[in-house]
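**Student:** fold the stuff below for me.
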Amino acid sequence: GSPDVPAWVPRVDVARLVPGLVFAWAAGVVLLTLRLLGGWLWVRRLARSSVTAVPREWVETAEALRRRLGIRRRVRIALSPRVDVPMLLGWLRPVILLPLSASSGLTPRQVELLILHELAHVRRWDVAVNLLQRLAETLLFHPPAVWWVSARIRAEREHCCDDAVVARSGVR
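**Tutor:** Sure thing, here's the model as predicted:
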């Protein structure tokens, strides 16, 4: 035996483990890629189906806020019975989806703040950043720290947009 390794430590031929480890990593990447593609298909379907028009005032509010934030891309806004929380979909042609319940339960000011929050995501290119983050998660899925850091990044993106709403609206 080697003088550096105690006799009770089992000898492992690492070279023999490499093919199995590579296969396990590749299988994980394939599964997470399928998950990523499934999510993309779900988002596309969500953006195109069961979407109803929003009140004209909301569109005008969104347009005014978009211009005030310096966003050049057109941002569509719609109501959907299939979402429970406001969300931004799409990167090149962004769509803000608001829950159908927002049409009856929110004041105009609350709607304005929700739209402002989602437009802050557009201005920050958060959908593109999220895609890059998902790709990193797919390739580097094995260390638990990757998932922890990724969750923190998502939470901080939301905090940044909340801060932008506070800064632009004066709401505390």
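**Student:** so L79: helix, strand or coil?
**Tutor:** Here L79 takes the strand state, with states given by DSSP: H, G, I helix; E, B strand; the rest coil.
**Student:** that one and P55 touch, don't they?
**Tutor:** No: applying CB atoms under 8 Å, one finds L79 not in contact with P55, separated by 9.1 Å. (Each C-beta comes from the backbone N, C-alpha and C, glycine too.)
**Student:** compare neighbour counts for the two and give me the winner.
**Tutor:** A count of neighbours by other CB atoms under 10 Å puts L79 above the other of L79 and P55, at 20 against 13.
**Student:** contacting residues for the more buried one?
**Tutor:** Residues counted as contacts of L79 (CB atoms under 8 Å, 6 or more residues apart in numbering) are V51, T52, A53, V54, L97, L98, P99, L100, A102, S103.
**Student:** tell me which other helices or strands the helix or strand in which the last one is found touches.
**Tutor:** By that I understand S103. Per DSSP states H and E: S103 is located in helix 102-105. Of the remaining helices and strands, none touches helix 102-105 by 3 or more CB pairs under 8 Å, 6 or more residues apart in numbering; DSSP states H and E.
**Student:** separation between I153 and I77?
**Tutor:** Applying CB to CB, to the nearest Å, the value for I153 to I77 is 26 Å.
**Student:** mind checking which of those two has more residues around it?
**Tutor:** More crowded of I153 and I77, by other CB under 10 Å: I77, with 25 against 13.
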